[in-house]
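Student: 3D model of this:
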Amino acid sequence: MDKDLGNYRKSYEKGELLLNEVPENPMELFQKWFFEVDTHFAEDETNAMTISTLGLDGFPKNRVVLLKKYTYEGFIFYTNYNSEKGKAIDANPNVCLSFFWHGAERQIIIKGKAEKIAKNLSDGYFESRPRGSQLGAVVSNQSDIVKDREALENKLSEIESEFEGKEISRPEYWGGYIIKPAEIEFWQGRPNRLHDRIRYRLQEDYKWQIHRLSP
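Tutor: Just a heads-up that it's a prediction; the model follows:
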(Lines give C-alpha, C1' and ligand atoms only; values in the text may rest on other atoms or scores of the structure.)
Protein backbone atom coordinates (compact mmCIF):
# COMPACT_ATOMS: atom_id res chain seq x y z
CA MET A 1 0.00 0.00 0.00
CA ASP A 2 1.45 3.35 -1.06
CA LYS A 3 -0.54 6.58 -1.04
CA ASP A 4 1.11 9.99 -1.17
CA LEU A 5 -0.80 12.56 0.91
CA GLY A 6 1.60 15.39 0.16
CA ASN A 7 -0.95 17.26 -1.92
CA TYR A 8 -3.60 17.36 0.81
CA ARG A 9 -3.96 21.06 1.57
CA LYS A 10 -6.32 23.27 3.56
CA SER A 11 -6.18 26.99 4.23
CA TYR A 12 -7.32 27.90 7.75
CA GLU A 13 -9.20 31.18 7.62
CA LYS A 14 -12.06 31.08 10.15
CA GLY A 15 -10.62 32.98 13.10
CA GLU A 16 -7.76 34.55 14.99
CA LEU A 17 -6.43 34.41 18.55
CA LEU A 18 -4.57 37.50 19.75
CA LEU A 19 -2.53 37.66 22.93
CA ASN A 20 -3.89 41.06 23.94
CA GLU A 21 -7.46 39.79 23.78
CA VAL A 22 -7.30 36.60 25.88
CA PRO A 23 -8.55 36.46 29.51
CA GLU A 24 -6.21 35.90 32.47
CA ASN A 25 -7.81 32.53 33.27
CA PRO A 26 -7.77 29.86 30.51
CA MET A 27 -11.03 28.30 31.71
CA GLU A 28 -12.83 31.46 30.63
CA LEU A 29 -11.41 31.10 27.13
CA PHE A 30 -12.25 27.39 27.13
CA GLN A 31 -15.85 28.18 28.03
CA LYS A 32 -16.06 30.81 25.27
CA TRP A 33 -14.65 28.49 22.62
CA PHE A 34 -16.78 25.55 23.76
CA PHE A 35 -19.96 27.65 23.56
CA GLU A 36 -19.06 29.00 20.11
CA VAL A 37 -18.31 25.56 18.68
CA ASP A 38 -21.40 24.03 20.29
CA THR A 39 -23.57 26.82 18.87
CA HIS A 40 -22.17 27.25 15.37
CA PHE A 41 -20.59 23.94 14.36
CA ALA A 42 -23.17 21.20 14.89
CA GLU A 43 -21.06 18.69 12.95
CA ASP A 44 -18.55 18.60 15.78
CA GLU A 45 -19.26 16.48 18.87
CA THR A 46 -18.15 19.35 21.05
CA ASN A 47 -17.49 17.40 24.24
CA ALA A 48 -15.49 14.62 22.56
CA MET A 49 -11.89 14.77 23.76
CA THR A 50 -8.79 12.63 23.41
CA ILE A 51 -7.11 11.52 26.62
CA SER A 52 -3.51 10.31 26.50
CA THR A 53 -2.03 8.16 29.24
CA LEU A 54 1.26 6.34 29.71
CA GLY A 55 0.38 2.64 29.78
CA LEU A 56 1.76 -0.03 32.07
CA ASP A 57 3.59 -1.39 29.01
CA GLY A 58 5.52 1.89 28.69
CA PHE A 59 3.68 3.06 25.60
CA PRO A 60 1.52 6.20 25.46
CA LYS A 61 -2.04 5.58 24.34
CA ASN A 62 -4.77 7.92 23.11
CA ARG A 63 -8.50 7.32 23.08
CA VAL A 64 -11.60 9.49 22.75
CA VAL A 65 -13.84 9.97 25.77
CA LEU A 66 -16.64 12.43 26.53
CA LEU A 67 -16.23 15.47 28.73
CA LYS A 68 -19.18 15.57 31.14
CA LYS A 69 -18.44 18.70 33.15
CA TYR A 70 -15.89 21.48 33.41
CA THR A 71 -15.30 23.97 36.20
CA TYR A 72 -12.55 26.41 37.16
CA GLU A 73 -10.93 23.43 38.87
CA GLY A 74 -10.76 21.13 35.86
CA PHE A 75 -12.33 18.69 33.41
CA ILE A 76 -14.48 15.70 34.45
CA PHE A 77 -15.14 12.44 32.61
CA TYR A 78 -16.32 8.98 33.69
CA THR A 79 -14.95 5.52 33.05
CA ASN A 80 -14.28 2.07 34.48
CA TYR A 81 -11.49 2.41 37.05
CA ASN A 82 -10.30 -1.11 36.21
CA SER A 83 -9.96 -0.34 32.49
CA GLU A 84 -6.61 0.04 30.77
CA LYS A 85 -6.82 3.82 31.09
CA GLY A 86 -7.86 3.55 34.76
CA LYS A 87 -4.87 1.35 35.59
CA ALA A 88 -2.57 3.69 33.66
CA ILE A 89 -3.89 6.71 35.57
CA ASP A 90 -3.49 4.88 38.87
CA ALA A 91 0.18 4.25 38.04
CA ASN A 92 0.84 7.69 36.55
CA PRO A 93 -1.83 10.39 36.95
CA ASN A 94 -0.11 12.81 34.54
CA VAL A 95 -2.29 12.88 31.43
CA CYS A 96 -2.98 14.99 28.37
CA LEU A 97 -6.37 15.98 26.98
CA SER A 98 -7.01 17.41 23.54
CA PHE A 99 -10.02 18.80 21.72
CA PHE A 100 -10.00 19.23 17.95
CA TRP A 101 -12.92 21.14 16.46
CA HIS A 102 -12.34 20.97 12.73
CA GLY A 103 -15.37 23.12 11.91
CA ALA A 104 -13.95 26.05 13.85
CA GLU A 105 -10.33 25.17 12.97
CA ARG A 106 -9.47 25.09 16.66
CA GLN A 107 -7.54 22.79 18.97
CA ILE A 108 -6.97 22.80 22.72
CA ILE A 109 -4.26 20.74 24.44
CA ILE A 110 -4.35 20.30 28.22
CA LYS A 111 -1.65 18.82 30.44
CA GLY A 112 -2.75 17.95 33.95
CA LYS A 113 -3.10 15.51 36.78
CA ALA A 114 -6.04 13.09 37.06
CA GLU A 115 -7.79 12.50 40.38
CA LYS A 116 -10.86 10.45 41.25
CA ILE A 117 -13.82 12.64 42.15
CA ALA A 118 -15.86 12.14 45.33
CA LYS A 119 -17.99 8.99 45.39
CA ASN A 120 -21.23 10.92 45.91
CA LEU A 121 -20.55 12.90 42.71
CA SER A 122 -20.02 9.69 40.75
CA ASP A 123 -23.21 8.29 42.33
CA GLY A 124 -25.17 11.35 41.23
CA TYR A 125 -23.98 11.17 37.65
CA PHE A 126 -24.54 7.40 37.44
CA GLU A 127 -28.12 7.85 38.62
CA SER A 128 -28.70 10.41 35.84
CA ARG A 129 -27.59 8.02 33.09
CA PRO A 130 -30.08 6.14 30.89
CA ARG A 131 -30.80 2.67 32.24
CA GLY A 132 -29.14 1.07 29.22
CA SER A 133 -25.92 2.92 29.97
CA GLN A 134 -26.11 1.87 33.61
CA LEU A 135 -26.49 -1.76 32.55
CA GLY A 136 -23.58 -1.38 30.12
CA ALA A 137 -21.31 -0.21 32.95
CA VAL A 138 -22.22 -3.30 34.98
CA VAL A 139 -21.86 -5.71 32.07
CA SER A 140 -18.53 -4.54 30.69
CA ASN A 141 -15.21 -5.53 32.24
CA GLN A 142 -13.68 -2.75 30.18
CA SER A 143 -10.45 -3.59 28.32
CA ASP A 144 -10.64 -7.31 29.23
CA ILE A 145 -10.55 -9.86 26.41
CA VAL A 146 -14.04 -11.08 25.49
CA LYS A 147 -14.78 -14.22 23.47
CA ASP A 148 -17.24 -12.62 21.05
CA ARG A 149 -20.18 -10.24 20.74
CA GLU A 150 -22.62 -12.97 21.69
CA ALA A 151 -20.94 -13.39 25.07
CA LEU A 152 -21.50 -9.71 25.82
CA GLU A 153 -25.14 -9.82 24.75
CA ASN A 154 -25.79 -12.94 26.80
CA LYS A 155 -24.28 -11.29 29.86
CA LEU A 156 -26.43 -8.23 29.25
CA SER A 157 -29.55 -10.40 29.14
CA GLU A 158 -28.58 -12.00 32.46
CA ILE A 159 -27.98 -8.62 34.11
CA GLU A 160 -31.26 -7.25 32.74
CA SER A 161 -33.12 -10.16 34.31
CA GLU A 162 -31.23 -9.77 37.59
CA PHE A 163 -32.10 -6.08 37.89
CA GLU A 164 -35.62 -6.21 36.47
CA GLY A 165 -37.79 -3.84 38.51
CA LYS A 166 -34.80 -2.76 40.62
CA GLU A 167 -32.62 0.31 40.77
CA ILE A 168 -29.07 -0.15 39.51
CA SER A 169 -26.41 1.09 41.90
CA ARG A 170 -23.11 2.45 40.65
CA PRO A 171 -20.42 -0.24 40.66
CA GLU A 172 -17.47 0.61 42.90
CA TYR A 173 -15.14 0.18 39.93
CA TRP A 174 -16.90 2.88 37.87
CA GLY A 175 -16.72 6.62 38.42
CA GLY A 176 -15.33 9.98 37.52
CA TYR A 177 -11.95 11.61 37.18
CA ILE A 178 -11.16 15.29 37.24
CA ILE A 179 -8.17 16.50 35.26
CA LYS A 180 -6.68 19.50 37.04
CA PRO A 181 -4.75 21.46 34.43
CA ALA A 182 -1.17 22.64 34.77
CA GLU A 183 -0.90 23.85 31.17
CA ILE A 184 -3.49 24.69 28.51
CA GLU A 185 -2.65 25.60 24.91
CA PHE A 186 -5.17 27.14 22.51
CA TRP A 187 -4.55 26.75 18.77
CA GLN A 188 -6.41 28.68 16.09
CA GLY A 189 -5.70 27.76 12.48
CA ARG A 190 -4.51 30.66 10.31
CA PRO A 191 -3.54 31.09 6.64
CA ASN A 192 -0.09 30.05 5.41
CA ARG A 193 0.40 27.83 8.45
CA LEU A 194 1.08 30.90 10.63
CA HIS A 195 -1.28 29.54 13.26
CA ASP A 196 -2.09 31.34 16.51
CA ARG A 197 -0.92 29.46 19.62
CA ILE A 198 -1.49 30.81 23.12
CA ARG A 199 -0.16 28.81 26.08
CA TYR A 200 -1.18 29.17 29.73
CA ARG A 201 1.05 27.68 32.46
CA LEU A 202 0.00 27.50 36.09
CA GLN A 203 2.54 29.06 38.47
CA GLU A 204 3.26 28.28 42.12
CA ASP A 205 1.13 31.24 43.20
CA TYR A 206 -1.78 29.74 41.15
CA LYS A 207 -1.68 32.56 38.63
CA TRP A 208 -1.46 31.73 34.94
CA GLN A 209 1.58 32.71 32.88
CA ILE A 210 0.56 33.45 29.28
CA HIS A 211 2.79 33.26 26.20
CA ARG A 212 2.32 33.30 22.48
CA LEU A 213 4.11 30.38 20.77
CA SER A 214 5.57 30.18 17.31
CA PRO A 215 3.47 28.03 15.00
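Student: now do Glu158, the pLDDT please.
Tutor: As predicted, Glu158 sits at a pLDDT of 89.
Student: quick check: it is in a strand.
Tutor: No. Assessed by DSSP: H, G, I helix; E, B strand; the rest coil, Glu158 does not belong to a strand; its assignment is helix.
Student: setting aside sequence neighbours, what's the nearest residue to Glu45?
Tutor: Leaving out its chain neighbours, the residue that sits closest to Glu45 by C-beta to C-beta, 6 or more residues apart in numbering is Leu66, at 8.0 Å. All C-beta atoms are positioned from the backbone trio N, CA, C, and that covers glycine.
Student: mind listing the residues bridging to that neighbour?
Tutor: Ala48 (DSSP bridges).
Student: ok, the one 10 residues further on next?
Tutor: When bridges are taken as DSSP bridges, the partners of Ile76 come out as Lys69, Ile178.
Student: which ones are touching it?
Tutor: 67-70, 117, 176-179 (C-beta atoms under 8 Å, 6 or more residues apart in numbering).
Student: let's see that with 10 Å instead.
Tutor: 67-70, 117, 121-122, 125, 176-179 (C-beta atoms under 10 Å, 6 or more residues apart in numbering).
Student: show the buried residues in those residues.
Tutor: Buried members of these, scored by 16 or more other C-beta atoms under 10 Å, are 67, 70, 117, 121-122, 125, 176-179.
Student: quick one: the strands in the protein?
Tutor: 48-54, 60-66, 69-70, 75-80, 94-101, 106-116, 174-188, 196-202, 208-213 (DSSP state E).
Student: in JSON lines, list the ones you listed along with mean pLDDT and distance to Thr39.
Tutor: Listed next are the strands of the chain as JSON lines, based on pLDDT from 0 to 100; distance: least, C-beta to C-beta, whole Å:
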{"stretch": "strand 48-54", "mean pLDDT": "98", "distance to Thr39": "16"}
{"stretch": "strand 60-66", "mean pLDDT": "98", "distance to Thr39": "19"}
{"stretch": "strand 69-70", "mean pLDDT": "98", "distance to Thr39": "16"}
{"stretch": "strand 75-80", "mean pLDDT": "98", "distance to Thr39": "20"}
{"stretch": "strand 94-101", "mean pLDDT": "98", "distance to Thr39": "12"}
{"stretch": "strand 106-116", "mean pLDDT": "98", "distance to Thr39": "13"}
{"stretch": "strand 174-188", "mean pLDDT": "98", "distance to Thr39": "17"}
{"stretch": "strand 196-202", "mean pLDDT": "98", "distance to Thr39": "21"}
{"stretch": "strand 208-213", "mean pLDDT": "98", "distance to Thr39": "26"}
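Student: count the residues that sit near the residue nearest to Glu45.
Tutor: 12 (other C-beta atoms under 10 Å).
Student: measure it to Asn80 for me?
Tutor: 14 Å (C-beta to C-beta, to the nearest Å).
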